[in-house]
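In: please work out how this folds:
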Amino acid sequence: MKKQSVVNNTNICKNRIQAIKDTMEILSGKWKFHILGTLMQGGSMRFMDLLREVEGIAPKMLSKELQDMEVNQLVNRTVCNTKPITVEYAITEYGKTLSPIIDEIAKWGISYRSSLLNK
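Out: Okay, the predicted model is just below:
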């Protein structure tokens, strides 16, 4: 009986670790959380608006990160029929499910910074 319990726990652990790896791969990088947080707060935004909001990011990097997030269904890209043509980005419904995680990361960061200042 105990052997089966250990095997089940190992499989659960492997599945959990794989899920964490998948998540980290999708959300890795310096900019993704910043971009997602900006889109959650700002709603639909044009590329240049995002570029201004995400301080320090290069246009090429913003483009790459948006493409990655679009492939992973976190962000929608909409080409508007305007002159000149504009492109808007918005967080998807699935992307919005990251909101509690981003909120908790922000809370942790605030607490961490506070603990450093109080030493």
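In: next SSE after the lengthiest helix in the chain?
Out: Assignment by DSSP state H gives helix 2-27 as the longest helix of the chain. On the C-terminal side of helix 2-27, the nearest following helix or strand under DSSP states H and E is helix 32-42.
In: quick check: closest non-adjacent residue to residue 91.
Out: Of all residues not flanking residue 91 in the chain, residue 39 sits nearest, at 4.4 Å (Cβ to Cβ, 6 or more residues apart in numbering). To be clear about C-beta, it is placed using only N, CA and C from the backbone, and glycine gets the same treatment.
In: and that neighbour, how many neighbours does it have?
Out: Residues near residue 39, counting by other Cβ atoms under 10 Å, number 25.
In: that one contacts residue 77, doesn't it?
Out: No: if you go by Cβ atoms under 8 Å, residue 39 and residue 77 don't touch, sitting 11.5 Å apart.
In: where do the contact lists of the two overlap?
Out: residue 89 (Cβ atoms under 8 Å, 6 or more residues apart in numbering).
In: sketch out the low-pLDDT regions of the chain for me.
Out: 1-8 (pLDDT under 70).
In: who's in contact with stretch 89-102?
Out: In contact with stretch 89-102 (Cβ under 8 Å, 6+ apart) are residues 27, 33, 36-37, 39-40, 43-47, 50, 66, 69, 73-78.
In: list the buried residues in it.
Out: When neighbours are counted by 16 or more other Cβ atoms under 10 Å, the buried residues of stretch 89-102 are found to be 89-91, 95, 98.
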